[in-house]
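> can't give you the sequence, but here's the structure:
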């Protein structure tokens with residue numbers, strides 16, 4: 001079994017201990033490095049070659065948003081997840097816009113952290129090859145939706161509740177609500193039902209058939 005390699009970045013040493021304690025029984029997760037300063041992150045990524053970097057946004061030396069952008073630019077195969085005590089809409093949006101693959105609140109149940117990290121290490125949108133992938137690219141171009149928003153919209157077409165969407169994409173429920181607000185605005189629809197109608201009639205890849213969805 002291949003182990004998921006994690007690099008931690010936080011300026012509070014107690015967080016390292018807490019995360020290590022939460023993950024100590026998880027055989028498939030391995031902490032390969034810890035950075036206490038943002039300026040240490042990129043050299044440690046180069047050195048340890050992690051699958052996922054779990055980082056705070058507020059760090060000395062280099063802030064988390066800058067780290068995320070540089071990791072995305074220099075190490076495109078390395079995924080990033082934010083672990084932050086500040087989880088308002090503005091902070092979440094900034095992290096996702098910078099390229100973070102997941103946003104995890106520090107209030108997360110320690111027992112749920114391992115699963116959160118596994119989800120963060122997976123693609124938020126499951127692209128089909130060929131026609132479906134081109135369809136998503138076209139929707140991004142024509143609607144201004146982000147890949148994360150498309151993932152949320154696809155979940156809507158599967159009839160998932162906000163709580164279920166949050167669990168499947170590993171987002172806070174308030175983050176899902178934030179994405180839904182953006183989706184409704186960008187598609188010029190008034191709510192979930194109209195968004196589902198839009199997805200069905202515009203050929204969103206992976207969208208469920210309309211009658212089953214609205215039953």
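Now that the structure is in, tell me what you want to look at. Computed from a predicted structure; not experimentally measured. Residues are numbered from 1 along each chain as shown.

> just the helices in the chain please.
Using DSSP state H, the helices assigned to the chain run over residues 13-23, 41-48, 64-74, 89-98, 110-120, 131-143, 147-157, 162-169, 173-187, 192-201, 210-214.

> what is the end-to-end distance of stretch 96-111?
24 Å (C-alpha to C-alpha, to the nearest Å).

> please enumerate residues in contact with that stretch?
In this structure, residues lying in contact with stretch 96-111 by C-beta atoms under 8 Å, 6 or more residues apart in numbering are 15, 18, 21-22, 52, 54, 65, 68-69, 71-72, 79-85, 87, 92, 95, 113, 116, 119-121, 124, 146, 148, 169-172, 175. Placement of C-beta: from N, CA and C, glycine included.

> just the buried members of these?
15, 22, 52, 54, 65, 68, 71-72, 79-84, 87, 92, 95, 113, 116, 119-121, 124, 146, 148, 169-172, 175 (16 or more other C-beta atoms under 10 Å).

> identify each buried residue in stretch 24-36, please.
By neighbour count on 16+ other C-beta under 10 Å, the buried set for stretch 24-36 is 29, 31, 32, 33, 34, 35, 36.

> distance of the third one relative to residue 78?
Which is residue 32. Look at residue 32 and residue 78: by C-beta to C-beta, to the nearest Å, they are 12 Å apart.

> find residues that contact each of the two.
49, 50.

> apart from its chain neighbours, what residue comes closest to the residue nearest the centre of the chain?
The centre of the chain sits closest to residue 102, judged by C-alpha atoms, centre = their mean, with a distance of 2.5 Å. Computed as C-beta to C-beta, 6 or more residues apart in numbering, the closest residue to residue 102 that is not its neighbour in sequence is residue 120, at 3.7 Å.

> tell me the pLDDT of that neighbour.
What the model reports as pLDDT for residue 120 is 81.

> equivalent analysis for residue 127, please.
Value for residue 127, per-residue pLDDT: 29.

> can you check the one 5 residues further on too?
Each residue has a pLDDT score; the one for residue 132 is 40.
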